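K.L.:
Predicted model, plus sequence, below.
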Amino acid sequence: MYLKSLEVSGFKSFAKKAVLHFTAPITGIVGPNGSGKSNTAEAFRFVLGEQSIKSLRGKRGEDMIWNGGGEGASSAGRANRASAKLTFDNSRRMFSTIDFDEVTIERIVHRDNSNEYLLNGTQVRLKDIIELLASAHVGATGHHIISQGEADRILSASIRERREMIEDALGLKIYQWKKLESIRKLERTDENMKQVESLRREIAPHLRFLKKQVEKVEKAEEMRRDLISIYKVYFANEEQYVTVEKSRLHAEIAGPKKELTELEQALNKAREILSASKNKDVTSNELISLEKKLAETRTETDTVVRELGRIEGEINANKRAKEKEEGRMKQEEFKTVYLKDVEEVIRKAELFQTVKEVIDAFRHFIKGHRSANDSQFIAEMEKEIARLSLEKKDLDEKRVSLAEFEKKIIGEYNSLKQKIEHEKDTNRDAEKEVFRIIARQNEVRHIVSGLNAEIVRIEQIESEFKRELGEAGIIVGREATEYKKLEAGSQESGESQRHEQSERKHQIERLKIRLEDMGAGGGAEVMKEYKETEERDAFLAREILDLDKASVELKKLITDLDVRIDVEFKQGILKINKEFTNYFSLMFGGGHAELTVIREARRRKKGDAEELGDMLSGDSDSLTTNSELLTTDEGPEGLEVNVSLPRKKVKGLMMLSGGERALTSIALLFAISQVNPPPFIILDETDAALDEANSRKYGDMIENLSKASQLILITHNRETMSRAGVLYGVTMGADGASKLLSIQFEEAVKVAK
Ligand code: ATP
């Protein structure tokens, strides 16, 4: 025996606390109409979690609460809550999950329609109650609680509802729960999967973008490395070039520079020489004056010589005149006159214009001389000769001194002339030298300026090189400037080196531009973000895999459950049919009855899982019937009841009388209960339509059934009452409240009436 007691308080007509103890396999509840018997069956449904208030004959949860009795003063006041509490004997662990010998399940409904569920006094969810009961084959669907007038519900139900009722009775509900739970999980999994997939889709473009960025960063890094190595080679070569070229040029320019200084000195010297030749004029003036002096001397000498000649002539003439006079003195005729006097006469004569004048002059001359004293004349002559000789002597002396002077001047002149000639030669050389030096200076200056230009060029290269060094440091970091360790391409030289360098420079510029275009910086951040995003993506991918795996597993579980339900259901049907036909022929003294599985047009109710979920979580007072709720994919298969009565040709439920119908349904209910006995069965006036003979058969069957399940029978039937081990009488007083009392069979018969 599993059921110990039912305690109701404030529940419907049970205003006060009332307890039913189920101490026997069969408990009978008897009482007059309207006393509250059915309310006890409903208390069972209520406490077992029935959500359909309609099936509890109410509109709202509040209708479950004692609402006060009649108008009389004695009537008790309204209750604020209704409660029903079932106590089970769990010593055989019918509830395997609860490690107590006694299990109490209590439901309380408040006026605000809120419900409380208590398991051994602890508040739990409806879901927990339902699961617990299902595990002990005490379903809330109430296949084991047959309400008043509901006996033939199993016959009037649709084939699908019937199937569900029987599935429940066969204990397949637990699998249905599991299946629905799995479906729900599957839906959740699919939903999660969609979400995760959408998340993954969402980050995909970002990830692609980041990947490209990372590739860019890597590419940029690669370029940076390339740039560094090119820079190093470039710098090493450039430095070497600059150093070598500078020292070469400085060495090369030293010679020409020295030469220039020397040339300058030489030029100065030559110029000095030239400027010294300015004295040339003085010398030539001196020469001219010497020449003049010489000419003067010569003229003077000429005059002296002429005078000498004249004097000598005069002397000679005088000498001859004297001799002549001396002779004439001997001979008058041969008187001599002075030529000078003659010449004087002639000279005068030349000035005369007329011959007469000339003749007169000569006559005068001759007359003058004829009368001369000859001796005086000779003295005079001698005197004159002496004077002339003296004069001649002076002149001779003068002539000698003049000759000496001339000789001296000539000497001077010659030496001066020689000096001038010599000077002329020296100047010519100096001039030549100046020209030569200037020409050479021009040449050398050209060379020097060429070299200087080269030096300037090299210095520009050097400063450009330094600028580039700084720039490289900024662009690619210090590493690029650490080129000293590198050996410059020493084999490269001259033009080929410059060519190589300009190639490198081009490469450097290209790389620099590309690096700039790429926009360096933020590389580490991009890498980090990419890594994180990639990890997130990988995580999501794994999540999808996991979800997919879970989905596959759930689908498999669902299929397994379907198979299990199907197999167990069909096996159950076979067993039920065996019992069913037994009970049926027992009731009808023959005949045949069976359930057949038939297919129905597939029609699946949408949202089953959600409604089930609501029901499981206990937040809904859904009015939906259980049968509707439990519609599943298995829907297409339903159950049909086929009966054939003995001695009657008619077949099918439609042809049965009310009593026959009641008997058939009882047979079926008992058959079901026989196959998979529930811990207890409540039958509310199921026997109402039975005649005496059938009541006895019913009584036999009850007794048989009570071996496996505890029975609570609400009845007016005497036969039934007689089978009960414990009898309770329910009465209702003037206050409208039901009262409960334990009674004996005789009393019961009375009470029932
Ligand atoms: P019958 O033998 O005719 O089937 P019964 O003994 O099964 O009768 P019930 O149907 O269990 O009687 O009881 C119905 C009685 O319970 C009615 O009198 C009804 O007024 C009363 N009742 C139902 N709900 C409440 C409530 N909330 N408060 C007070 N009384 C209630």
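P.N.:
Yes, it's here. What you see is a predicted model, and the numbers here were worked out from it, not measured in a lab.

K.L.:
pLDDT value on whichever residue of the stretch 651-753 of the chain sits closest to the ligand, please?
P.N.:
Distances between the stretch 651-753 of the chain and the ligand by CB to the nearest ligand atom are smallest at G736, namely 5.6 Å. Using the backbone N, CA and C atoms, a C-beta is placed for each residue, glycine as well. Looking at G736, its pLDDT reads 89.

K.L.:
Next: L486.
P.N.:
pLDDT, L486: 64.

K.L.:
do Y728 as well
P.N.:
At Y728, the model reports a pLDDT of 95.

K.L.:
Can you name the helix or strand that the residue lying closest to E238 once chain neighbours are set aside falls in?
P.N.:
By the measure of CB to CB, 6 or more residues apart in numbering, the closest residue to E238 outside its immediate chain neighbours is F465, 4.7 Å from it. Counting by DSSP states H and E, the element that carries F465 is helix 374-476.

K.L.:
who does that helix touch, helix- and strand-wise?
P.N.:
Taking 3 or more CB pairs under 8 Å, 6 or more residues apart in numbering; DSSP states H and E as contact, the helices and strands that helix 374-476 lies on are helix 173-276, helix 280-328, helix 494-518.

K.L.:
Run a quick neighbour tally on H144.
P.N.:
26 (other CB atoms under 10 Å).

K.L.:
One more: the one 4 residues further on?
P.N.:
Q148 has 16 neighbouring residues, counting by other CB under 10 Å.

K.L.:
Near the ligand, which residues of the protein are found?
P.N.:
Within the chain, the residues that sit near the ligand (CB under 6 Å from any ligand atom) are 12-13, 31, 33-39, 63, 65-67, 148, 730, 736.

K.L.:
picking that back up, centre of the chain to the helix holding F465, how far?
P.N.:
91 Å (CA atoms, centre = their mean, to the nearest Å).

K.L.:
Against G658, how distant is the residue in the stretch 101-250 of the chain that the ligand sits nearest to?
P.N.:
As assessed by CB to the nearest ligand atom, the ligand sits closest to Q148 within the stretch 101-250 of the chain, at 5.6 Å. Distance of Q148 to G658, computed by CB to CB, to the nearest Å: 15 Å.

K.L.:
Neighbours of the residue of the stretch 251-400 of the chain found nearest the ligand, how many?
P.N.:
Taking CB to the nearest ligand atom, the ligand has its nearest neighbour within the stretch 251-400 of the chain at A251, 126.6 Å off. Neighbouring residues of A251 were enumerated by other CB under 10 Å; the total is 9.

K.L.:
again with Y234
P.N.:
25.

K.L.:
With E272 instead?
P.N.:
That count, for E272 with other CB under 10 Å as the rule, works out to 10.

K.L.:
Check the one 10 residues further on too.
P.N.:
For V282, the neighbour count with other CB under 10 Å is 9.

K.L.:
mind showing which ranges of this structure have poor pLDDT?
P.N.:
In the predicted model of the chain, residues 69-76, 139-142, 277-281, 328-336, 370-374, 485-493, 519-522, 600-636, 650, 752-753 satisfy pLDDT under 70.

K.L.:
three-state assignment of the residue nearest the centre of it?
P.N.:
Nearest to the mean C-alpha position of the chain, counting by CA atoms, centre = their mean, stands V526 at 4.0 Å. Counting by DSSP: H, G, I helix; E, B strand; the rest coil, the backbone at V526 sits in helix.

K.L.:
Kindly report the same for G58.
P.N.:
Under three-state DSSP, G58 falls in the coil class.

K.L.:
OK, contacts around L6?
P.N.:
By CB atoms under 8 Å, 6 or more residues apart in numbering, L6 lies in contact with 19-20, 22, 40, 43-44, 47, 84-87.

K.L.:
Just the buried ones among the residues you listed, please.
P.N.:
For these, a burial check counting by 16 or more other CB atoms under 10 Å picks out 20, 22, 40, 43-44, 47, 84-87.

K.L.:
Dump those to CSV, plus secondary structure.
P.N.:
CSV is the format used below for the buried ones among the contacts of L6 (three-state DSSP):
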residue, secondary structure
L20, strand
F22, coil
T40, helix
A43, helix
F44, helix
V47, helix
A84, strand
K85, strand
L86, strand
T87, strand
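
K.L.:
Out of the residues you listed, flag the one nearest to the ligand.
P.N.:
Looking across the buried ones among the contacts of L6 and measuring by CB to the nearest ligand atom, the closest to the ligand is T40, at 7.2 Å.

K.L.:
hang on, isn't that closest one packed against V8?
P.N.:
Yes - using CB atoms under 8 Å, T40 makes contact with V8 at a distance of 7.0 Å.

K.L.:
what helices or strands is the one helix or strand L132 maps to leaning on?
P.N.:
L132 is located in helix 126-135, with elements delineated by DSSP H and E. If you count contacts as 3+ CB pairs under 8 Å, 6+ apart, helix 126-135 packs onto strand 102-110, strand 115-119, helix 173-276, helix 608-617.

K.L.:
ok, 7 Å please
P.N.:
Where contact means 3 or more CB pairs under 7 Å, 6 or more residues apart in numbering; DSSP states H and E, helix 126-135 is packed against strand 115-119, helix 173-276, helix 608-617.

K.L.:
Skip ahead from that helix and say which helix or strand is next.
P.N.:
Taking DSSP H and E, what comes next after helix 126-135 is strand 145-146.
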